[in-house]
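Student: how would this look folded up:
(chains A, B, C and D)
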Protein chains: 4
Amino acid sequence: MAEQNTSPLSTIRTAVAGVGGYAGGELARLLLNHPRLAQSKPLFLGRVADDSSAGSVPLESLHPQLALGAGQTLPPVRAFDWKLVEDMGIEAVFLALPHETSREWAPQWLERGIKVIDLSGAWRLQHEVNRKVYKLTDENPALAASLQAEAVFGAPELHRKEIATARLVANPGCYSTSIILALYPLIQAGILDLDHGIISDSKSGISGAGKAATAKTHFMYGADNLSAYNVFGHRHTGELLEQLGITTAQIQFTPHLLPIPRGILSTIYARLGSSTDPAQIQQIYNAFYATSPMVRVHQTPALPQIQHIVKTNYCDIGFELAPDGKRLVIVSCLDNLLKGASGQAVQNLNIMCGWNEEEGLL
Amino acid sequence: MAEQNTSPLSTIRTAVAGVGGYAGGELARLLLNHPRLAQSKPLFLGRVADDSSAGSVPLESLHPQLALGAGQTLPPVRAFDWKLVEDMGIEAVFLALPHETSREWAPQWLERGIKVIDLSGAWRLQHEVNRKVYKLTDENPALAASLQAEAVFGAPELHRKEIATARLVANPGCYSTSIILALYPLIQAGILDLDHGIISDSKSGISGAGKAATAKTHFMYGADNLSAYNVFGHRHTGELLEQLGITTAQIQFTPHLLPIPRGILSTIYARLGSSTDPAQIQQIYNAFYATSPMVRVHQTPALPQIQHIVKTNYCDIGFELAPDGKRLVIVSCLDNLLKGASGQAVQNLNIMCGWNEEEGLL
Amino acid sequence: MAEQNTSPLSTIRTAVAGVGGYAGGELARLLLNHPRLAQSKPLFLGRVADDSSAGSVPLESLHPQLALGAGQTLPPVRAFDWKLVEDMGIEAVFLALPHETSREWAPQWLERGIKVIDLSGAWRLQHEVNRKVYKLTDENPALAASLQAEAVFGAPELHRKEIATARLVANPGCYSTSIILALYPLIQAGILDLDHGIISDSKSGISGAGKAATAKTHFMYGADNLSAYNVFGHRHTGELLEQLGITTAQIQFTPHLLPIPRGILSTIYARLGSSTDPAQIQQIYNAFYATSPMVRVHQTPALPQIQHIVKTNYCDIGFELAPDGKRLVIVSCLDNLLKGASGQAVQNLNIMCGWNEEEGLL
Amino acid sequence: MAEQNTSPLSTIRTAVAGVGGYAGGELARLLLNHPRLAQSKPLFLGRVADDSSAGSVPLESLHPQLALGAGQTLPPVRAFDWKLVEDMGIEAVFLALPHETSREWAPQWLERGIKVIDLSGAWRLQHEVNRKVYKLTDENPALAASLQAEAVFGAPELHRKEIATARLVANPGCYSTSIILALYPLIQAGILDLDHGIISDSKSGISGAGKAATAKTHFMYGADNLSAYNVFGHRHTGELLEQLGITTAQIQFTPHLLPIPRGILSTIYARLGSSTDPAQIQQIYNAFYATSPMVRVHQTPALPQIQHIVKTNYCDIGFELAPDGKRLVIVSCLDNLLKGASGQAVQNLNIMCGWNEEEGLL
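Tutor: Numbering: from 1, shown residues only, chains lettered A, B, ... in the order given. Prediction:
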């Protein structure tokens, strides 16, 4: 729905670091169309060739789909410079960078009093054993440990209150968001037989593999194909363990590469502790998400599908329960670049600013 | 860019007739997100089964991607009823209907003082010979002739002034928009050798074929395929003749079906009357579209491509001129459901209301 | 590999009933390129309009991709006529028809001494309870029961010997083939904990939905999408139960619709009864398929993917075992129109004729 | 149709140099299934890591779709070595290599009495001015000039007789094949107004861009997109000029990138010198291709489309003539990896060996 609030808008000054990738491009689009943020002129930081006389490149050279019509100009992409950040009075930054870079760099933004929403995996995991998969090294381990402890996992539907006051938000992974939102309400309600084991068979569009040209992102690899990968130990697994409070033995998560640009669908198989009826499960989901504007719970037996969530910030959730009342199949869908990355990041910023969390996202 | 106008919004009451198709679904989405129109609660009219106790169906049952989160409801789709239209004080209607229905029905809306933006081919063509392709019959030929004469061809970049005061706007065809916007400035500038003949090799995504399930809209027909059709005499040709002031012999327009959901790309071949340089052509385009927010002119030799215009209301235009200074290749792209249909229709409404024409479309 | 046998070819006279569908088209292609069958001129039966003076339509009008170059003609598609069948001395028929038609018609071919390879679900299931899903009615229940008991389930890798002497072969379903071939060797080896429950998350290209134009086969439904359907009770389930000797509670099979023309990938999750190592599982697969030319077992941890089996008659199988030695993930791929339908049918005919089962299929 | 010849097969010993690319993979598949060549065990040459103890890699590691079932092995890919070539008695080689490499290397094979079918652009162009686009340098210019003069342009439908006795065949480009086969019969018949200018609007699947991972072969660039490129001066233009005997001013060829793996469709616009009827044109095509098994001429107004030629070696040609009898639209389709590369190369070898040119290609 369109923004109908006509009261004077409050705003803050934002930056995006790493605007050149897919998540960066979506962040740029969202900020430029956000009713409160557009006017404060977001700062876009990215790679600028050394010989650029202007110290900048046009945003549309990186993301041509964002170009405006005649006479209108987009903000440029600037080379990084602390002075620039300070002069512009940046108050919050989105880091859309490799995890090593984020791990190293986030403290420096925080130190300057700038809130950080980090889209990498660098700060999502509290337990070192889970974090190992990222091979992070910290120059100042004590500071890193302290920031890690302070970091809030940016799933608004789970941690809205903590996000509101956070300095450092670790934006969740795309796969993990789809799985956590599908399972959390049921696990919290205590109705799943966790020891039986949960399976998430997840499928993602190819933008999830990033912008680098590799054998696996080649059109000829992806097109008309489907392939499983990282069958055991995908790095999003740690998020599942920590957020859902389960063990490695209790979850089997297998990602697949879909021949489409964007969208994730997770088909999740779980066993109930005791036989129940679909209405009870429906009620748990409805109640849990009653005040969550970015989750759409389907009425069983309707199931979500990818084309209904592409280019939206929704996570759609539906389920069917077997006639035996125990075998449960949940389907969860989202756009990996929006609810699975940049959209959720803006949703987190909205919460941090005290605004409606869906602002600029519908 | 986000709407920054905080002055009290003026609005009008709109209806969409035929909300169930692809164009209708896009109209619903645009109106519900339009900063001035959302608040006036658009009326959606469509097929409602006779046994529907409510006389309505949920909009999300026709277009699941439009569903909202918990606690929020979309306007329903209502069965048609003049009383309803009058009670709601509808001031403008979008007709997203078959052309025969539009031809018959438009006069009845106009008669009630309701402005009509018609998305079919029913009212686009002034010359009966061009209109023949639609096999239209008029119950009241005199009234139809009078309304036809009054109808304005809804290409804002050509007829902005006439649209502003029109009662009946005939929204252009999707292919025609892409070709007319590419050629009109050059023909007006008198630099083309029209008698040599212009060729538009146009390619469209499959949504252009409509929602009906047929052999040609089957996934197995469209996927991994490309096919030419209606090589001579596609019904959009009449629009080219009338809007560009050329003859059948001067234009060859051949459409093709692309294996993608949406987007049109027209590759247009023309010959200049006398040799020139690219700068002159660039200057003609730049000048012509200097105040048109929904056209993006590329700087030669950059050329537009489909993925930059999908889900936008832009028409992107670029060109290259051969070293001989005479052979010109123009590439023009748009989203057939937006600038080629529903987006352009809303652009027209904006103009009719005296608003910025890009409102709700960026 | 090319056929190198230069001994005098033996052959039989074949017919395809229902050559107009996707499976029928693939059968026509395979028979026309089969080193032993092409020369005996297969008879193609299909729908021929009543006013066809010739009583036939060109095969290429139904399947344009099969057309030959100048001066060469394909066999025509003939309207059905027992006299024609008898005059041509047909010895074996492929029924590529709806299951009701197959159920009714198969006995009439058998009665004439013609062997039947039926591609529908009509004869696959021995237990009436499993067959219910097809809503079959038999005019002569005693005959039908007797033929049902005689029918051989046409999975060559399981029933090669019975197929060799069969009169009526029930060609397996596409999904079922991918799942049965992945699980049968392990179940036979007794290493799976069946009571824990097996899950097959299966994904199929859209040709699996058939040639009829429906809302679900529309390009706009399938493209850029993924959707689950028939989450419980897909009609291929009965084949899994009967061939694998398991119960409904032991298998959860969920099909999905992939945005590609053809290919199935099943990701199968099973639990071992006791911890083992990957080498043991590899050994079971290798041994079981050592003499099966149409199954390619991957060396763990390599996994098959759809693009390697499209337009082949192979079923590719690979697996990974969790570090705990108990949680097993198997990936199985095949082309739903070949190993999942027409290719397997020809493989069965080869066996029934005493030829190499891969003849004409490599 | 299947090979029915049971007389003792004659064969020759072939090699493929550069088996790792797309064209190389198709060559391997074709040779391994060729009724005369499979038995002589083709030699596959490609990149083999220096530390490979065996001096070879499995062919299926480069092209997994070619793998065989249990117990059957593909020939390995060997590192290049003249001794190996000589020991195996290679009589003909397919060079599927970059043009610079081919230009340098072809003479060395010829010198050893080995016939060369070169799939690059190195030897296709007789005129230095056309060849410039490849920036070729010759160590021994006199030898290169002599071989260039001797090289036969490998379009069987134009040069069958010369190919039969050639030592060096320059296999045509993919785009050029589709355009030359569509235009040659008409130009030869003298019915086109060449000075009016011919336009070929050509569209190719992404395999045409090769196996290298680049920004333009990234799935996210190609998918759901269409883009024109090399609008003037694509390097296949020289082939059009030389084979069709026309000038740069007489042809405008614009390639586009289609969002599909393989297939080319050229829509060609030409003007007749004087008005005629479709039957005359049909007759010209029918007569010209009456003895060409790999060209399928459609009966006007039927037009070919990409899905009917994918994975075949056919070039399909169809046309429509405007009611004015002068404006002609021709549509020509082929699979860029087969008739546009490897299939045509095998067709050439068949001719060089005195076999049916379609052998192993149907």
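
Student: Surely residue A:318 is in a strand?
Tutor: Yes: counting by DSSP: H, G, I helix; E, B strand; the rest coil, residue A:318 is part of a strand.

Student: wait, what's in contact with it?
Tutor: Neighbouring residues of residue A:318 by CB atoms under 8 Å, 6 or more residues apart in numbering or on different chains: A:297, A:298, A:299, A:300, A:301, A:302, A:303, A:304, A:330, A:331. Backbone N, C-alpha and C define where each C-beta goes, glycine included.

Student: Check residue A:86 too.
Tutor: Here residue A:86 is in contact with residue A:112 (criterion: CB under 8 Å, 6+ apart).

Student: For chain B, tell me whether the helix or strand where residue A:281 lies is touching it.
Tutor: With secondary structure defined by DSSP states H and E, residue A:281 is part of helix A:278-288. Yes: under the criterion of CB under 8 Å from any CB of the partner chain, chain B is reached by helix A:278-288 at residue A:286.

Student: Could you break chain A into its assigned domains?
Tutor: A:14-171+A:341-353, A:174-334 (automatic domain parsing).

Student: Restricted to strands, list the contacts of residue A:318.
Tutor: Using DSSP state E, the subset of the contacts of residue A:318 located in strands is A:297, A:330, A:331.

Student: Now for the first one, how many residues are close by?
Tutor: This means residue A:297. 24 (other CB atoms under 10 Å in any protein chain shown).

Student: Break down the stretch 1-150 of chain A into its helices, ranges please.
Tutor: Secondary structure of the stretch 1-150 of chain A by DSSP state H, counting those that start in this stretch: the helices cover A:22-32, A:59-62, A:82-87, A:99-111, A:128-131, A:141-150.

Student: Send me the third one as CSV with only the CA atoms.
Tutor: Taking only C-alpha atoms (Å, rounded to 0.1, in the frame of the first residue of the first chain), the coordinates of helix A:82-87 have been written out as CSV:
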residue,chain,number,x,y,z
TRP,A,82,36.3,8.2,6.0
LYS,A,83,36.3,12.0,5.5
LEU,A,84,33.4,11.7,3.1
VAL,A,85,31.5,9.5,5.5
GLU,A,86,32.0,12.0,8.3
ASP,A,87,31.3,15.0,6.2
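
Student: Buried residues, that helix. List them.
Tutor: residue A:85 (16 or more other CB atoms under 10 Å in any protein chain shown).

Student: now the strands for the stretch 101-250 of chain A?
Tutor: For the stretch 101-250 of chain A, applying DSSP state E, counting those that start in this stretch gives strands covering A:115-118, A:152-153, A:168-170, A:198-204, A:227-228.

Student: ok, back up a step: mind putting the ones in strands among the contacts of residue A:318 into a markdown table with pLDDT and distance to chain C?
Tutor: Output for the ones in strands among the contacts of residue A:318, formatted as a markdown table (pLDDT from 0 to 100; distance: CB to the nearest CB, whole Å):
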| residue | pLDDT | distance to chain C |
| --- | --- | --- |
| A:297 | 97 | 16 |
| A:330 | 98 | 10 |
| A:331 | 98 | 5 |
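
Student: now, which of those residues lie close to chain B?
Tutor: residue A:297.

Student: what's the closest of the ones in strands among the contacts of residue A:318 to residue D:188?
Tutor: residue A:331 (60.6 Å; CB to CB).

Student: Pretty sure residue A:43 is one of the things residue A:79 touches, is it not?
Tutor: No: the pair residue A:79 / residue A:43 is not scored as a contact, 11.4 Å apart, by CB atoms under 8 Å.

Student: Looking at the two, which one has more neighbours?
Tutor: residue A:43 (23 against 16).

Student: Around chain D, pick out the residues from chain A.
Tutor: A:22, A:206-207, A:211, A:213-215, A:217-224, A:259-261.

Student: run the last query once more with 10 Å
Tutor: A:22, A:205-207, A:209-225, A:257, A:259-262 (CB under 10 Å from any CB of the partner chain).

Student: Show me what residue A:169 is bridged to.
Tutor: Beta-bridge partners for residue A:169, by DSSP bridges, are residue A:117, residue A:152.
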